[in-house]
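# Sequence first, predicted coordinates after that:
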Amino acid sequence: MSTVVLLTATGLGLGALYFLVASGLSLIFGLMDVLNFAHGALLSIGAYATWWAASGHLPGAGSGGAGFVWAVAFGTAVGTVAAMVLELALIRPLYERPREQVLATVGVGLAVPALLSAVWGADARTFPGPTALSGTFGLLGARIPVNRLVLIGAALVVLVALRLFLGRTRHGLVVRAGVEDRAMVTALGIDVRRAFTLVFAIGGAAAALGGALGGLYYGSVDPGQGTSLLIFAFVVVVMGGMGSVSGAALAAVGVGLVQQFANYYTASGLGDLAVVVLLAALLLLRPHGATGRLA
Amino acid sequence: MTTDAPGLAAEPLLCVRDLRVVIGGRHILHGVDLDVAASGVTALLGRNGAGKTTTVRGVLGLVPRTGSVRFAGEETVRLATHALVRRGIGYAPEDRGVFAALTVAENLRLAERPGAGEPAYALVHELFPELRQRAAQRAGTLSGGQQQMVAIGRTLLNGNRLIIADEPTKGLAPKVVTEVARVLERAAQAVPVLLVEQNLALVRRLAEHCVVLADGRTAHRGPAADLLADTGATRALLGVGRHTAAAAGGGSDLSTTSRKADA
């Protein structure tokens, strides 16, 4: 029983991480038809910026208490700015040229980890975090690491915030309409390119937050973290339906849980394979994703 | 909204010259000339594939185009679509362009232009009371006629200076065609309308001017009544048979379309 509880908590924590990456990826693809292979790099940028700040390089930031919150906020902000720069400097000039666009994001996705390892080394760096978050708590006989709860909480906050943004604000309305028919949005007199930058900023913020909190989850940061998470995030996006935030949330939970349970109860590594099998099965049964949205 | 000096009233509101569109290496428009008068309805006619919808999309910048598109005296061919539309154009596209996953109210709200005056919901709801009753309904679950009401409603919300309606009666039941015609007629009293239409009875009832396209070029421009009165010209330009042209001449039965003659 305690094993099941622990696996569930860890699976949900992992799912939360996937959701933070996949939600932005899904919105970006849904609105702009851009497969952003640089999204993992945004996570890495957030992770390293948080690590850098929490290691005492940023005044006021540190590994504990308010200092750590400040470090996470800094890391998220750096990821947000990086995402906006990426959209304005690389994606926008290549609009109408989808192949070059994808190649550009692949290039950034490769260059950022290379840059990170050139500056800080290819080895994993210990991630400093508050002692309060490194402990465990008891639940139904299991000892659950607190950082899983932090990740799940952050993902829930992001999910609710995204749903409120999409459902209650004019910008969110523009994004939802743009996911359906971008040309018609412009034909109503709306500059849809502003929504592009906005969606990149939101996606970058969520991914960078995922990077910062992922540092807690893994206990370390390394240059390749974002890229390896990106693969599962893509699986989540396809399963959840492109452009659907709620679909991404559902799929992220499914992928995280399947991966954890399969890795534990079968051979380690089979869990990753199981995720791909799950994707194939879902695509065969529901070609438009879990929520039935057009992929 | 109109800022034109009285002396300029006779000048066309929209003046398109030598509009050319190439899509995927294929020349769709070879030089379309088109004027939309500062009042009343101008009909854009032509057989299927003549380039009517591409002309409208080219004017709006929804497809890459060259030539000259002057709107209210200003050259707009280099403007982005949203910037041109914000100068006062309401567009109801051929496929209605309704956002299926959004509610009726959300579809209308998207057409609001912050900073451009109060949206005219009173007018839209007066013309289409159903849109108020169905405000919370997803637009994808509406009938074709109701979706067309949303599309036209969006063009009436902003005090636009020009309304472009691309085949607004296509695929609608006769009763709905009559309703759409009534709304367009009323709208045209206040705002000039560029109407792409195959329903010649509707054209006869609404349009003062007409432009006929053939093979991506302007083939005829002039008063709509003159063209429709000339059975030979109608048949030559629109491919409409004697029978349908005669029905169009009747003017009362709006459900008669020339579409069957296009096949």
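Received the coordinates, thanks.
# pretty sure B:N158 is touching B:P119, no?
Yes: the criterion here is Cβ atoms under 8 Å, and B:N158 meets it with B:P119 at 6.6 Å. (Glycine included, C-beta is placed from N, CA and C.)
# Of those two, which one has the most company?
Of the pair B:N158 and B:P119, B:N158 is the one with more neighbours under other Cβ atoms under 10 Å in any protein chain shown, namely 23 against 19.
# If I look at the residue nearest to the spatial centre of chain B, what pLDDT would I see?
Closest residue to the average C-alpha location of chain B: B:A165 at 2.2 Å, with Cα atoms, centre = their mean. You'll see B:A165 listed with a pLDDT of 95.
# any idea how far it is from chain A?
13 Å (Cβ to the nearest Cβ, to the nearest Å).
# which ones are touching A:L14?
With contact taken as Cβ atoms under 8 Å, 6 or more residues apart in numbering or on different chains, A:L14 is in contact with A:Y217, A:G256, A:Q259, A:Q260.
# can you do 7 Å?
A:G256, A:Q259, A:Q260 (Cβ atoms under 7 Å, 6 or more residues apart in numbering or on different chains).
# returning to what we had before: quick check: bridge partners of the residue nearest to the centre of chain B?
Judged by DSSP bridges, the bridge partners of B:A165 are B:A92, B:L195.
# Test my guess that it contacts B:V193.
Yes: between B:A165 and B:V193 there is a contact under Cβ atoms under 7 Å: 6.3 Å.
# What strand or helix carries the closest residue to B:R17 other than its chain neighbours?
Leaving aside its chain neighbours, B:R17 sits nearest to B:S68 (4.3 Å; criterion: Cβ to Cβ, 6 or more residues apart in numbering or on different chains). In the assignment (DSSP states H and E), B:S68 maps to strand B:65-71.
# Adjacent strands (with direction) for that strand?
With DSSP bridges as the test, strand B:65-71 is paired with strand B:14-23 (antiparallel), strand B:74-75 (antiparallel).
# Tell me which residues are up against that strand.
Contact partners of strand B:65-71, identified using Cβ under 7 Å, 6+ apart, comprise B:14-21, B:58-59, B:75-77, B:84, B:87.
# Same check on stretch A:109-118?
Contacts with stretch A:109-118, where a contact means Cβ under 7 Å, 6+ apart, come from A:F37, A:A38, A:G40, A:A41, A:S44, A:I45, A:Y48, A:P223, A:G224, A:T227.
# Output that stretch as CSV, nothing but the C-alphas.
Extracted C-alpha coordinates of stretch A:109-118, given in CSV (Å, rounded to 0.1, in the frame of the first residue of the first chain):
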residue,chain,number,x,y,z
GLY,A,109,17.2,23.4,-28.4
LEU,A,110,20.7,22.1,-29.1
ALA,A,111,22.7,25.3,-28.6
VAL,A,112,21.3,26.2,-25.2
PRO,A,113,22.4,22.9,-23.5
ALA,A,114,25.8,23.2,-25.2
LEU,A,115,26.1,26.8,-24.0
LEU,A,116,25.1,25.7,-20.4
SER,A,117,27.7,22.9,-20.3
ALA,A,118,30.4,25.2,-21.8
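# buried stuff in that stretch?
A:G109, A:V112, A:P113, A:L115, A:L116 (16 or more other Cβ atoms under 10 Å in any protein chain shown).
# Average pLDDT for the host helix or strand of A:F200, rounded please.
Applying DSSP H and E as the criterion places A:F200 in helix A:192-218. For helix A:192-218, mean pLDDT rounds to 91.
# what's the answer for stretch B:144-153, then?
Mean predicted confidence for stretch B:144-153 is 93.
# related to what we said a few turns ago, can you turn the buried part of the contacts of strand B:65-71 into a ChimeraX selection?
To isolate the buried members of these in ChimeraX, using 16+ other Cβ under 10 Å:
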select /B:14,15,16,19,20,21,58,59,76,77,84,87
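# Low-confidence regions, the chain specifically.
Defaulting to chain A. Chain A contains residues with pLDDT under 70 at A:287-295.
# ah, I was thinking of chain B
B:1-10, B:240-263.
# Those residues of it touching chain A, which are they?
Taking Cβ under 7 Å from any Cβ of the partner chain as the contact definition, chain B meets chain A at B:60, B:62, B:81-82, B:85-86, B:91, B:93, B:97, B:99-102, B:106, B:109-111, B:113, B:154.
# Pretty sure A:E87 sits against A:T197.
Yes: between A:E87 and A:T197 there is a contact under Cβ under 7 Å: 5.2 Å.
# Chain B contacts on the stretch 151-295 of chain A?
A:173, A:176-177, A:180-181, A:183-184, A:186-191.
# redo that, cut-off 6 Å
Proximity of the stretch 151-295 of chain A to chain B is confined to A:L173, A:A177, A:E180, A:A183, A:M184, A:T186, A:A187, A:L188, A:G189, A:I190, A:D191 under the rule Cβ under 6 Å from any Cβ of the partner chain.
# quick revisit: I'd like to know which of the residues of chain B next to chain A are buried.
Buried subset of the residues of chain B next to chain A (neighbour count, 16+ other Cβ under 10 Å): B:60, B:62, B:81-82, B:85-86, B:91, B:93, B:97, B:99, B:101-102, B:106, B:109-111, B:113, B:154.
# Mind telling me which residue of the stretch 151-263 of chain B is nearest chain A?
B:R154 (6.7 Å; Cβ to the nearest Cβ).
# got the contact list for the closest residue to that residue other than its chain neighbours?
In space, B:R154 comes closest to B:A111 once its chain neighbours are excluded; the distance is 3.8 Å by Cβ to Cβ, 6+ apart. B:A111 is in contact with A:L188, B:R154, B:L157, counting by Cβ atoms under 6 Å, 6 or more residues apart in numbering or on different chains.
# Now distance to B:A233 and secondary structure too, for the residues you listed, in JSON lines please.
Below are those laid out as JSON lines (distance: Cβ to Cβ, whole Å; DSSP: H, G, I helix; E, B strand; the rest coil):
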{"residue": "A:L188", "distance to B:A233": "37", "secondary structure": "coil"}
{"residue": "B:R154", "distance to B:A233": "35", "secondary structure": "helix"}
{"residue": "B:L157", "distance to B:A233": "38", "secondary structure": "coil"}
